[in-house]
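> Provide a 3D model corresponding to the input given below.
(chains A and B)
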2 protein chains.
Amino acid sequence: METPHGKIETPIFMPVGTRATVKTLDPADLEKIGAQIILGNTYHLYLRPGYQLIRKAGGLHKFMNWNKPILTDSGGFQVMSLKGLRKITPEGVRFQSHIDGSYHMFTPEKVIEIQNAIGADIIMSFDECPPYPATRKYVADSLKTTLDWAKRGKDAHRQENRQALFGIVQGGIYKDLREESANKLMEMDFPGYSIGGLAVGEPKEELLEITEFLNNILPQNKPRYLMGVGTPLDLLNNIANGCDMFDCVMPTRNARKGTIFTRNGKMIIKSARYKEDFSPVDPECECYTCRNFSRAYIRHLFNVDEILGMRLATIHSLHFYLELMKKARQSILDGSFSDFRNKFSFKLNEKME
Amino acid sequence: METPHGKIETPIFMPVGTRATVKTLDPADLEKIGAQIILGNTYHLYLRPGYQLIRKAGGLHKFMNWNKPILTDSGGFQVMSLKGLRKITPEGVRFQSHIDGSYHMFTPEKVIEIQNAIGADIIMSFDECPPYPATRKYVADSLKTTLDWAKRGKDAHRQENRQALFGIVQGGIYKDLREESANKLMEMDFPGYSIGGLAVGEPKEELLEITEFLNNILPQNKPRYLMGVGTPLDLLNNIANGCDMFDCVMPTRNARKGTIFTRNGKMIIKSARYKEDFSPVDPECECYTCRNFSRAYIRHLFNVDEILGMRLATIHSLHFYLELMKKARQSILDGSFSDFRNKFSFKLNEKME
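From the prediction side, this is the model:
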């Protein structure tokens, strides 16, 4: 995929940099672990530091000193999560800030204006993200709104920064609604399609059924971004269903709490078993953490609440995710993806969920 | 100064790495800001992760992956601070852990055993550090204990790792006691001398009087370490009084709270005045923070409690301290130290204290 800030090889995992930083890391760390693209959250950046400030800074890339691609989400998921603090109308969503209770309004046009100012390479249409479970009627009505918003957002998008605006497929777990959503968006001809409204509580089987179903509908020649997913196995299973792009706070949030993802499963680094274990988290790993520090040292850092522990754990977990995507790409190129996925799944099935 | 892990150029400031990490930084950060030597705290390392564990790791250098010199303190200041949790006897200090209330005993021999296990290049005799204010009688009695402990520690020191054991000059603000302390330690012939028991609440003038007084007593050809000092001006003023080595949590602790030391004074980076200030903390500074990030970005990070803010602030403040020491060394070599100090003091007198 070509973007104004360089090429992205898919499938790819995007580390989440909610508030203009991937928590605990700096841009040099991200370069070293091989991040090709990171994600910023429109809702959070809108509230702090504000999109006008980011515009004045010359865009998010300059503001945070990250010169590779960035994707921003639509804010739809975040405002949906503000239960009791938001009201959805055909015009948009009126909501209160989770920080100070102040009132704000997101419309499809406003969300595009914000994302134009932030300046990410890939941006999202504003969507209504239904909860799970939700009735068919609720999801069908919601979908109408989202499709209308997609059209309005596309009309409002100022193309001058060559930002690629993706449409977001909604429709909950209802295949006919997903199909309608995908087809209507494809009529509008977006340069890429996101699959939203999944990983919001539904069983994994339902998620996979939907991505498998959409695999036969969405165009082969445009990127598909499965929003908010997931575990390493989720990534491989959805790559098999044709998904190209992923983001999730799972590796970073877990790492900050001392749970590190490795090719052998999750490692609870605080555990007493690592107290005198002077081997690296993964002896075969090439990341900064594994080349320089022991399990015993990282355990000590978590034990005494030293910030460096969170950073070292985050570096390894993200490096693991990105290496997994690299191996997936290689195996796709040489035709062995299915084999690669089966072996990895077999090894981790019990340990990684 | 030569150590088993390399040469140190003095005068030097030692970043404080209390619990096997200089808070928020990794060893690569420390290398980049030019740290020649860092400090570890014997008391804290003894409690967590424990000195037996550090011994098993192959010493503190290997445990934390820092291959340059390390100095450990004696623990005397820390146990003195455990008011109500410690009892001083001629044998040593019995104290309760500030973490779990468990009972422990530091004797001069034990403190050397711990430091032998930790394996720092420069280690300290166990001392009793009197508070300020303290009566002459209290300080005189305390000094007897400290001198006895210095002798016992020297006898207990196992030389096999070529660790340099420093004696600690005590005596409060009483010049005759300071003189007695220095002379008795010099009779024992330590490879270096620390000046302890200052920066514990006495006026700065009293501190400077003591270091000026000791300047004429302590041997010229051995390093002098002024413990726990201080502001940038304190460093220059005490270099003028012959001090070679310094440590203080001031730059790092302040940085984590958003107060950054610069050559133009302290910068409260959270201040609203930096909200849209896209210039670096110091446009002439060469540190990683100043070459890559703006005041507005660092302010944003502090504003939303992102850990990267603390790290970027720490990097600049320590870089500033170490650059100041570098300039002090250069000015000493070319005979312009006094001029350098006066210009710097004039510029900062109002802003830095």
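> Would you confirm that A:Asp282 contacts A:Asn264?
Yes. With contact defined as C-beta atoms under 8 Å, A:Asp282 reaches A:Asn264; the gap is 7.4 Å. No exception for glycine: its C-beta is placed from N, CA and C like everyone else's.
> Comparing those two, which shows the higher neighbour count?
Neighbour count, other C-beta atoms under 10 Å in any protein chain shown: between A:Asp282 and A:Asn264, A:Asp282 has more, with 20 against 12.
> contacting residues for the nearest residue to the more buried one once chain neighbours are set aside?
In this structure, A:Asp282 finds its nearest non-sequential neighbour in A:Thr262, 5.0 Å apart by C-beta to C-beta, 6 or more residues apart in numbering or on different chains. Going by C-beta atoms under 8 Å, 6 or more residues apart in numbering or on different chains, A:Thr262 touches A:Val281, A:Asp282, A:Cys285, A:His316, A:Phe320.
> For A:Thr262, name its beta-bridge partners.
Note on A:Thr262: beta-bridge partners A:Gly265, judged by DSSP bridges.
> Show me what counts as buried in stretch A:89-100.
Neighbour counts over stretch A:89-100 (16 or more other C-beta atoms under 10 Å in any protein chain shown) mark A:Gly92, A:Val93, A:Arg94, A:Phe95, A:Gln96 as buried.
> okay, it in CSV with CA atoms only?
Extracted C-alpha coordinates of stretch A:89-100, given in CSV (Å, rounded to 0.1, in the frame of the first residue of the first chain):
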residue,chain,number,x,y,z
THR,A,89,-29.1,11.8,16.0
PRO,A,90,-29.1,11.6,12.2
GLU,A,91,-27.0,14.8,12.3
GLY,A,92,-24.2,13.2,14.4
VAL,A,93,-23.3,12.5,18.0
ARG,A,94,-23.5,15.0,20.8
PHE,A,95,-21.3,13.9,23.7
GLN,A,96,-19.7,15.0,26.9
SER,A,97,-15.9,14.8,27.3
HIS,A,98,-14.9,11.9,29.7
ILE,A,99,-12.3,14.3,31.1
ASP,A,100,-14.2,17.5,32.1
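> Do it and chain B come into contact?
No. Interface with chain B: stretch A:89-100 contributes nothing (C-beta under 8 Å from any C-beta of the partner chain), its closest point being 9.1 Å away.
> mean confidence for that stretch?
In this model, stretch A:89-100 carries a mean pLDDT of 96.
> The helix or strand where A:Phe320 lies: how far from the chain's middle?
Using DSSP states H and E, A:Phe320 maps to helix A:307-333. The chain centre lies 14 Å from the centre of helix A:307-333; the measure is C-alpha atoms, centre = their mean, to the nearest Å.
> in the helix or strand just after it, what counts as buried?
Sequence order places helix A:337-348 as the next helix or strand after helix A:307-333, per DSSP H and E. Buried residues in helix A:337-348, counted by 16+ other C-beta under 10 Å: A:Phe337, A:Phe340, A:Arg341, A:Phe344, A:Leu348.
> how about JSON lines for these, with pLDDT and distance to A:Ile210 added?
Below are those laid out as JSON lines (pLDDT from 0 to 100; distance: C-beta to C-beta, whole Å):
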{"residue": "A:Phe337", "pLDDT": "98", "distance to A:Ile210": "21"}
{"residue": "A:Phe340", "pLDDT": "96", "distance to A:Ile210": "24"}
{"residue": "A:Arg341", "pLDDT": "95", "distance to A:Ile210": "19"}
{"residue": "A:Phe344", "pLDDT": "90", "distance to A:Ile210": "23"}
{"residue": "A:Leu348", "pLDDT": "74", "distance to A:Ile210": "23"}
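> give me the subset of those residues touching chain B.
Applying C-beta under 8 Å from any C-beta to the buried residues of helix A:337-348, none is adjacent to chain B.
> Show me the two of those that sit farthest apart.
Using C-beta to C-beta, those span at most 16.1 Å, a distance reached by A:Phe337 and A:Leu348.
> that older thread, and the buried residues of helix A:337-348, which is closest to chain B?
A:Leu348 (29.2 Å; C-beta to the nearest C-beta).
> The closest one contacts A:Pro232, doesn't it?
Yes. Contact criterion C-beta under 8 Å: A:Leu348 and A:Pro232 qualify, at 6.8 Å.
> Looking at A:Gly192 now. What's its pLDDT?
Looking at A:Gly192, its pLDDT stands at 98.
> could you pull out the helices for the stretch 101-250 of chain A?
For the stretch 101-250 of chain A, the helices defined by DSSP state H, counting those that start in this stretch occupy A:108-118, A:136-156, A:175-188, A:204-215, A:232-240, A:250-256.
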